[in-house]
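Participant: A structural model of the following input is requested.
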Amino acid sequence: MAKSRFEYVKEFETHTKLLPETYIVVRIDGKNFHDFTKYYDFEKPNDIRALNLMNACAKNVLLKYKSECILAYGESDEYSFILRPDTQLYNRRNDKIATLFVSNFTSQYVVLWNNYFHDKPLNYKHLPSFDCRCVCYPTLKTVKDYLCWRYVDTHINNLYNTAFWKLIQNCGMTPKEAESKLSCTLSSDKNEILFKCCNVNYNDELEMFKKGSLINNKGEIMFIDVIKNIDNLFGA
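Facilitator: Numbers count the residues shown, from 1 in each chain. Okay, here's the model as predicted:
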């Protein structure tokens, strides 16, 4: 490649490398998805089409990086990909890993959209976008705790959202009334409210809603208790 006197500007480029011998978690999260889901009228509290779409995108991304990924875990508009501590993917460059994972995921989301939302074509003014971050975890324990944290977060969020929306849909409450009803309640209280007020048994909700989605290295999608299976997931 020919050189020019302007090539010195390349010296201003910097590339941050992620810490060696650490697990890398690449977390992708929907950007402004509250407005996005409202525009496309997603079902509340969970839209199974949207979750299946997220799973399909994550599966394709994981299989693309199969030799580097241990597993992926997702809930709502979020997905975490856990990379092996010895991975040398893109020389562990933070910018490369983050941008390529999120761009691959977003392109998958756009291309696969019509497979799940046949009657709602994407509007170029309302396109999906995701942000991405890479976080290093130094030990097997910390990365296991990370995964358990996301799993518990899934349960807490879904139980609240299910109770909130069922109070609106089944009991005719306003959002403000439903929020007030759930204020300062424990998980047991929310379960009781669902059963007594909304005639809903939370145990009957889909496992994907309650537990999130886990994709193993083979691309198999599972809905399991992450905490109970955490050691098996990492082969230890």
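Participant: what about the longest helix in the protein?
Facilitator: Across the chain, the longest stretch assigned as helix under DSSP state H is helix 140-169.
Participant: in that one, which residues are buried?
Facilitator: Within helix 140-169, the residues scored as buried using 16 or more other CB atoms under 10 Å are 143-144, 146-147, 150-151, 154-155, 158-160, 162-168. Using the backbone N, CA and C atoms, a C-beta is placed for each residue, glycine as well.
Participant: what does stretch 114-124 give?
Facilitator: Tyr116, Phe117.
Participant: is the most centrally placed residue in the chain bridged to anything, and to what?
Facilitator: Closest to where the C-alpha atoms of the chain average out (CA atoms, centre = their mean) is Glu78, at 2.0 Å. Taking DSSP bridges, one finds Asp29, Glu75 as the beta-bridge partners of Glu78.
Participant: now the longest helix of the chain: how far from the chain's centre is it?
Facilitator: The chain centroid and the centroid of helix 140-169 are separated by 11 Å, computed with CA atoms, centre = their mean, to the nearest Å.
Participant: just give the nearest non-adjacent residue to Phe36, would you?
Facilitator: Closest residue to Phe36 apart from its sequence neighbours, by CB to CB, 6 or more residues apart in numbering: Pro128 at 6.1 Å.
Participant: and that neighbour, how many neighbours?
Facilitator: Neighbouring residues of Pro128 were enumerated by other CB atoms under 10 Å; the total is 20.
Participant: and if you look at the one 5 residues further on?
Facilitator: Other residues within reach of Arg133, judged by other CB under 10 Å, total 12.
Participant: looking only at pLDDT, what's the mean for the helix or strand where it lies?
Facilitator: Assigned by DSSP states H and E, Arg133 belongs to strand 130-137. Regarding strand 130-137, the rounded mean pLDDT is 98.
Participant: just the buried residues of that strand, please?
Facilitator: Burial within strand 130-137, assessed by neighbour count using 16+ other CB under 10 Å, is assigned to Phe130, Cys132, Cys134, Cys136, Tyr137.
Participant: got those residues as a markdown table, with distance to Val226 columns?
Facilitator: Conversion of those to a markdown table gives the following (distance: CB to CB, whole Å):
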| residue | distance to Val226 |
| --- | --- |
| Phe130 | 22 |
| Cys132 | 22 |
| Cys134 | 21 |
| Cys136 | 21 |
| Tyr137 | 16 |
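Participant: residues in contact with Glu220?
Facilitator: When the contact criterion is CB atoms under 8 Å, 6 or more residues apart in numbering, Glu220 has no partners at all.
Participant: roughly how far does Lys166 sit from Leu51?
Facilitator: According to CB to CB, to the nearest Å, Lys166 stands 18 Å off from Leu51.
Participant: ok, Leu206 next?
Facilitator: Leu206 sits 9 Å away from Leu51 when distances are taken as CB to CB.
Participant: who has more neighbours, these two?
Facilitator: More crowded of Leu206 and Leu51, by other CB under 10 Å: Leu51, with 21 against 12.
Participant: wait, isn't the more buried one in contact with Glu207?
Facilitator: No: using CB atoms under 8 Å, Leu51 is not in contact with Glu207; the gap is 11.4 Å.
Participant: could you list the low-pLDDT ranges of the protein?
Facilitator: Across the chain, the ranges flagged by pLDDT under 70 are 1, 236.
Participant: mind listing the strands for it?
Facilitator: With DSSP state E as the definition, the chain shows strands at residue ranges 23-30, 69-75, 78-83, 130-137, 213-216, 221-222.
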